[in-house]
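Q: Coordinates for the following, if possible.
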Amino acid sequence: MTGDPGLFGPGSVTWQMHGDPMMWVAGVRALYLQALHPRAVRGVMQNSDFRNDAWGRLMRTANFVGTISYGTTEAAERAGARVRKIHSMLGATDPDTGERYGVDEPELLLWVHCAEIDSYLHVGRRSGFRLTDAQADRYISEQRVSARLVGLAPDAVPANRAEMDAYFEKVRPELATGPEARAVDDFLLRPPTHPLLIPAREVLWRRVAQLAYAALPPYAHELYGRPAPQPAVVTRQLRATGNLLRCVPARVRWQLPPKHILRAMARLGPGSRPAPYKLGR
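A: Numbering: from 1, shown residues only. Below you'll find the model as predicted:
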């Protein structure tokens, strides 16, 4: 194997798991979860045209995750520097107090990071991507690298499942469903689309959004005020969806933009191909 393996490399849990198609469902779950932190979601809503450019935002997020997961070290560090620079120039205002604050406050960056990583891990495992508890801990530890790229001190970020659980327990009193969270919820169920695509939105996208919502923790369902199926039912739905999506050949799935995995395999050789079975070695 030749070439730069990047920040994680083919021997990492990240390399194997981020190639799984259920990461898209996990990404939507992360959006639902992130929106429950009023200060964090306010920073998004006040600094971006979320409603009209949501697909662009989703693709930019996917491109960032793909770059830091599978890109060269230089590309990953450059992507991180770009995100840090953008965040350093943005702020938000609390409408109740008039307080002005930066979107790059460590507590806000930490919430966004933990909601994302927890969602990737939760949806992946629950949908049938097999990870031992030790591998799950290793994944969380690996992701402190991505936390560093967005501006967090790695040693201030959860390094295993126990620390992640303790973090969510600590932050729960700060969570609420403000108007911004309601707007995100409404958007995820009914994103703007061309009139001719509305039937597809109702059949396909709504199912993805509903499944992502159902996979949230119970306290999130309580905050949003919408019920979810019983956990056993949700697990069956996640497994069925995972099995279905994993039937699509990986090389076909990876042809979708931005093709980071195919570029990584071209750089490092066919032996670098992400595959769940490699985690058992």
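Q: Please make it C-alpha for all contacts and neighbour counts, starting now.
A: Noted.
Q: Grab the nearest non-local neighbour of A30.
A: E116 (4.9 Å; Cα to Cα, 6 or more residues apart in numbering).
Q: show me the residues around G19 that make contact.
A: Residues near G19 by Cα atoms under 8 Å, 6 or more residues apart in numbering: I261, P274, A275.
Q: which SSE is the first one in?
A: Using DSSP states H and E, I261 maps to helix 260-268.
Q: Flag every buried residue along that helix.
A: Within helix 260-268, the residues scored as buried using 16 or more other Cα atoms under 10 Å are H260, I261, L262, A264, M265, R267, L268.
Q: Tell me the one of the residues you listed nearest R239?
A: Minimum distance to R239 across those is 23.7 Å, recorded for I261 (Cα to Cα).
Q: will you turn the buried residues of helix 260-268 into TSV that also has distance to R125 and pLDDT?
A: Converted to TSV, these look like this (distance: Cα to Cα, whole Å; pLDDT from 0 to 100):
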residue	distance to R125	pLDDT
H260	23	95
I261	21	96
L262	24	95
A264	24	96
M265	25	96
R267	29	95
L268	27	96
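Q: Same list, these, but as a markdown table with distance to P249 please.
A: What follows is those, written out as a markdown table (distance: Cα to Cα, whole Å):
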| residue | distance to P249 |
| --- | --- |
| H260 | 16 |
| I261 | 14 |
| L262 | 13 |
| A264 | 18 |
| M265 | 16 |
| R267 | 21 |
| L268 | 21 |
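Q: Surely R84 touches L152?
A: No. Shown here, R84 and L152 do not form a contact pair, counting by Cα atoms under 8 Å, at 9.9 Å.
Q: Of these two, which one has the most company?
A: L152 (21 against 17; other Cα atoms under 10 Å).
Q: Pull the number of nearby residues for the closest residue to the more buried one other than its chain neighbours.
A: Nearest residue to L152, sequence neighbours excluded (Cα to Cα, 6+ apart): P106, at 6.4 Å. P106: 15 surrounding residues under other Cα under 10 Å.
Q: Distance check, P106 against N160.
A: 19 Å (Cα to Cα, to the nearest Å).
Q: for H18, same thing?
A: 18 Å.
Q: now K170
A: With Cα to Cα as the criterion, K170 and N160 are 16 Å apart.
Q: cool, S141 as well?
A: In terms of Cα to Cα, S141 sits 6 Å off from N160.
Q: got it, and R144?
A: 10 Å.
Q: Just want to know which of the two has more residues nearby.
A: R144 (21 against 18).
Q: Tell me if I'm right that that one and A159 touch.
A: Yes. Between R144 and A159 there is a contact at 7.2 Å, judged by Cα under 8 Å.
Q: Now Y213: closest residue in space that isn't a chain neighbour?
A: R29 (6.0 Å).
Q: what's the pLDDT at that neighbour?
A: R29 carries a pLDDT value of 97.
Q: Following the chain past the host helix or strand of it, name the next helix or strand.
A: Assigned by DSSP H and E, R29 belongs to helix 23-34. For helix 23-34, the following helix or strand on the C-terminal side (DSSP H and E) is helix 38-45.
Q: Check what contacts that next one and list those residues.
A: With Cα under 8 Å, 6+ apart, helix 38-45 has contacts from 34-35, 50, 90-94, 103, 108, 111-112, 175-178, 180-181.
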